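In: any chance you could fold what I've pasted below:
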Amino acid sequence: MEKQTKKEKPTELDDLSVDLENYIANTIFVQLYVDSNLILKRFTLPAMEQLALTNDDINKYIKDVSDNIPYPNLIEKIKEVIETGNVFEEDIKTSNNRWFQMNIVPYVIKKENRTEGVMIIFVDVTKRIDAVHKLEQLNAQRYSLFNKLSHNLKQPISNIGLLSDELVEAFDNKDTDQFTTWIEILKSSSDKMNKIIEDFTNKL
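Out: So this is what the prediction gives:
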C-alpha cells in the first residue's frame, strides 16, 4: 500500500508541472515567476517578446534582468510584497511606447502559510491609457474654447450695454443720424455674437 502511495505522489506532481508548463506556453499575458530568494524561475512566452527575455535568464537574480523591466523600484517592491503579502499595482510605460498595468502578486503556499515568492503580471492597457489621454485633450480643448468664447463675447456684450444707454439719450435729443449710427453698431455687435455662437456650436 505504501509503495503505491509513493508512486502516486510523483505522478501528481508531474501532472501539476505539466499543467503549469502548458499554461505558461499558452497564456497571452506577460508573467514572471520570482522565488523568495529573488531568483527568476520562469516566465511566459509573451515575456520573451515584450521584455526581451531569453531562456538564459532563467535562474538569474532578478536584479540582473531588471533593466528589461521599465520600473526603477522593482526589487524593493518585490521584497515589500513578499514581506507584507499585499498586492502592488502600477501603470508603466515600455520603451516601445506601450502601457502595461504591472501587478506584483504574492505566491503563497497555503498549507504552510508561507510566501514562496511573487508573480509579476503585465496587462496591456495601452488602449485605455490612450483613451484617457484623448479625453484629457478634449477636455483641455473644451476648456480653452469656453475661455475664448467668454473673452470674445465680452466686447460685443459691453458694446450693446453702452449703446443701450446712449439710445435712451438719443430718443430725447431726437438726433436721427446719430441714432442710425448707433443702431448699425448694435446690429454689427449682435451679428458678431451670433457668428461666435455659431462657430462654437459647430465645434461641439
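
In: quick check: closest non-adjacent residue to the most centrally placed residue in the chain.
Out: Residue closest to the mean C-alpha point of the chain, counted by CA atoms, centre = their mean, is I129 at 3.2 Å. Among residues not flanking I129 along the chain, W99 sits closest, at 4.1 Å (CB to CB, 6 or more residues apart in numbering). In this view, the C-beta of every residue, glycine as well, is placed from N, C-alpha and C.

In: and the one you found, how far from N59?
Out: W99 sits at a distance of 30 Å from N59 (criterion: CB to CB, to the nearest Å).

In: quick one: which of those two has more around it?
Out: W99 (19 against 11; other CB atoms under 10 Å).

In: quick check: the more buried one touching H133?
Out: No - look at W99 against H133 with CB atoms under 8 Å: they stay out of range, at 9.8 Å.

In: after the longest helix anywhere in the chain, next one along is what?
Out: Longest helix in the chain, counting residues (DSSP state H): helix 126-173. Heading C-terminal from helix 126-173, the first helix or strand you meet, by DSSP states H and E, is helix 176-203.

In: for the chain, name the helix or strand with the lowest mean pLDDT.
Out: helix 2-26 (a mean of 52; mean pLDDT, DSSP states H and E).

In: so what strands line up beside whichever helix or strand comes after that one?
Out: Counting by DSSP H and E, the next helix or strand C-terminal to helix 2-26 is strand 30-35. Strand 30-35 has these partner strands in its sheet, going by DSSP bridges: strand 40-43 (antiparallel), strand 114-124 (antiparallel).

In: for those, give me TSV that also has distance to V87, mean neighbour count and mean pLDDT.
Out: Below are the strands paired with strand 30-35 laid out as TSV (distance: least, CB to CB, whole Å; neighbours: other CB atoms under 10 Å; pLDDT from 0 to 100):
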stretch	distance to V87	mean neighbour count	mean pLDDT
strand 40-43	19	20	90
strand 114-124	9	19	87
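
In: hmm, back to that, for the longest helix of the chain, which helices and strands make contact with it?
Out: strand 99-109, helix 176-203 (3 or more CB pairs under 8 Å, 6 or more residues apart in numbering; DSSP states H and E).

In: tell me how far E80 lies from E90.
Out: Counting by CB to CB - E80 and E90 are separated by 12 Å.

In: and the two? Which one has more around it.
Out: Ranked by neighbour count (other CB under 10 Å), E80 and E90 place E80 first, with 15 against 12.

In: what sits opposite the spatially closest residue to that one that is not a sequence neighbour in the beta ladder?
Out: Counting by CB to CB, 6+ apart, E80 lies nearest to F88, which is 6.8 Å off, once chain neighbours are set aside. Beta-bridge partners recorded for F88 (DSSP bridges): I104.
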